[in-house]
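1. take a look and give me a structure for this.
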Amino acid sequence: MTDSPLSTAGGASEVVLSLLPEHMNTWDVAHGGVTMTLADVALAMAARSLAGDGVGVVTVEMKVNFMEPGRGELRATARVLHRSTTMAYCEGEIRDSEGHFVAKALGTFKYHAPPCRGPRCDASASAQRPVGETRSQRQLGTRATTEQAAHPQPKETIDMPQINRQFVLASRPQGAVTPGNFRLVETPLADGEIRVRNHYLSLDPYMRGRMNDSKSYAPPQSLDEVMIGGTVGEVVESKNPKFAAGDKVVAMFGWQEYGTSNGAGVQKVDDTHVPLSAYLGAVGMPGVTGWYGLNRIIAPKAGETVVVSAASGAVGSVVGQLAKLAGARAVGIAGGEEKCRYVVETLGFDACVDYKAGNLYQDLKAATPDGVDGCFENVGGEVLDATLARMNPFGRIAVCGYIAGYDGQPVPLRHPSLILTQRLLVQGFIVSEHMDVWPEALKQLGTLVAQKKLKYRESIAQGLDAAPEAFIGLLKGRNFGKQLVKLI
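-> Purely as a prediction, here's the structure:
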């Protein structure tokens, strides 16, 4: 097993290690047997190329998210994102020998002056040595020890002459969205009280409506401005006493790698028991959307039947599971056998109708022998027509989305008179207009996710560059669960 640096120029480094399959993602450094990962090595090399030979100790505090076990030859690359005279903030990426993505990692590096050499300095060097530091750590720059982590040094404000990558709306769609409606730009990082490195970007159907220049519940997305979107990430710099570097936060920073803010609209979150990405899904806006529509509009009673369209999606999956917890019967509508199997077998719905099978109304009729008391509508079109025809008197329909009409084409109801004859309540809603319920909803949703009583699934695109195609796929139903873009 060997390692060979290929490049350490300009604060970037690349190493290649040939690993035996049994070594998986870690290997033992010969000096002292300190366990390191490939990302440790690449990040440490990047930090050292920045600091120069005069550096004595590189303390690494990092998190690595491995997607799958490493095998064969793995290639790790790293670059320095921000730097000062004593600190660096780096990110690394690992790919296999065929170029397939394996993992990304973040590292915060603290540089210390080299130990004093010679007899006169032995006592002083020993006294200044960080608690728990080993010889191999001084030589190689490995992770912080347990004792160092227990007594962290005060965080330093890092000088960040860094470029931000963003997607802006280049043009308004004429029909279906195309990649040409977006433009990738690079801009200098803006000044602000806090700076956040976004880890995940949320892609949601509502964004399609914002791309139109038409009357709606919110102003349209401005041309040549960053696309709107929810994000979750980590504070990397703060001048605001309410936030510290390392805090995990949710915000609406949009389609970009970094966000800056005075703190308004930025909410700290705890990822101890709830994964960070879930704050954009089941424990975020989609989850609260499902919670509100079910509990405040449909308000199901035990034994009633609730139909949920787009049942395998971020919102629909929450609605059905909450309906089951309320004692109702949950029937989903989804596209494809695989999604319907997931809705029933994993999410616990009582039944699921595959609208792509070509027999929507008859299949829905068979799945709802006692009719439908509540409908959570995400799609519209023929899906809503089929459900409307099954509604019981005094049924409640919560209209959350209308994907069938997002490209601008008219989608009229076939039998609107049923609203009158069945005395139905049909109510559209925008979850951001009901902020008073968010604390209650988020508390319940977070508890259920932490207890693994609320299940969810994610479709994750890798890198900001993948956002436009992932968004187009979302509108076409190609995603499976919550659609996210992993930015780091």
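2. chain neighbours aside, what residue packs nearest to residue 311?
-> Of all residues not flanking residue 311 in the chain, residue 332 sits nearest, at 2.7 Å (CB to CB, 6 or more residues apart in numbering). For the C-beta atoms, the positions are set from N, CA and C on the backbone; glycine is no exception.
3. the one you found: which element?
-> When elements are assigned from DSSP states H and E, residue 332 belongs to strand 329-334.
4. contacts for that strand?
-> Contact partners of strand 329-334, identified using CB atoms under 8 Å, 6 or more residues apart in numbering, comprise 303-312, 316, 319-321, 323-324, 340, 343-344, 347-355, 360, 364, 367-368, 372, 379, 383, 387.
5. mind redoing it with 6 Å?
-> Strand 329-334 is contacted by residues 305-309, 311-312, 320, 323-324, 340, 343, 349-353, 355, 367-368, 383 when judged by CB atoms under 6 Å, 6 or more residues apart in numbering.
6. equivalent analysis for stretch 186-195, please.
-> Outside stretch 186-195, the residues that touch it by CB under 6 Å, 6+ apart are 162-165, 235-240, 243, 258, 260-263.
7. likewise stretch 231-249?
-> Residues outside stretch 231-249 that contact it (CB under 6 Å, 6+ apart): 155, 193-201, 250-251, 253, 263, 266, 268-269, 271, 276, 279-280.
8. quick one: buried ones out of those residues?
-> 155, 193-201, 250-251, 253, 263, 266, 269, 276, 279-280 (16 or more other CB atoms under 10 Å).
9. which of those fall in strands?
-> Mapping the buried ones among the contacts of stretch 231-249 onto strands (DSSP state E) picks out 194, 195, 196, 197, 198, 199, 200, 201, 250, 251, 269.
10. what pairs with the second one across the strands?
-> Taking DSSP bridges, one obtains residue 237, residue 260 as the residues bridged to residue 195.
11. and it, what's its pLDDT?
-> On the pLDDT scale, residue 195 is placed at 95.
12. for it, give its distance to residue 446.
-> Residue 195 is 26 Å from residue 446, where distance means CB to CB, to the nearest Å.
13. and if you look at the fifth one?
-> Residue 198 is 21 Å from residue 446, where distance means CB to CB.
14. you'd agree residue 426 is in a helix?
-> No - using DSSP: H, G, I helix; E, B strand; the rest coil, the assignment for residue 426 is strand, not a helix.
15. could you list the low-confidence segments of the stretch 51-200 of the chain?
-> Scanning the stretch 51-200 of the chain for pLDDT under 70 picks out the ranges 51-161.
16. swap the cut-off to 90 and go again
-> Across the stretch 51-200 of the chain, residues meeting the criterion (pLDDT under 90) sit at 51-163, 188-192.
17. and which of the contacts of stretch 186-195 is nearest residue 478?
-> Nearest to residue 478 out of the contacts of stretch 186-195 is residue 165 (CB to CB; 24.2 Å).
18. which residues touch that closest one?
-> Listed by CB under 6 Å, 6+ apart, the contact set of residue 165 reads 186, 257, 464.
19. show me the helices in the stretch 151-300 of the chain, by range?
-> With DSSP state H, counting those that start in this stretch, the ranges of helices along the stretch 151-300 of the chain come out as 206-210, 285-292.
20. could you dump these into a markdown table with mean pLDDT and mean neighbour count added?
-> What follows is these, written out as a markdown table (pLDDT from 0 to 100; neighbours: other CB atoms under 10 Å):
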| stretch | mean pLDDT | mean neighbour count |
| --- | --- | --- |
| helix 206-210 | 93 | 20 |
| helix 285-292 | 97 | 26 |
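21. of the ones you listed, which approaches residue 408 most closely?
-> helix 206-210 (9.8 Å).
22. contacts for that closest one next, please.
-> Contacts of helix 206-210 (CB under 6 Å, 6+ apart): 216, 220, 221, 228, 406, 475.
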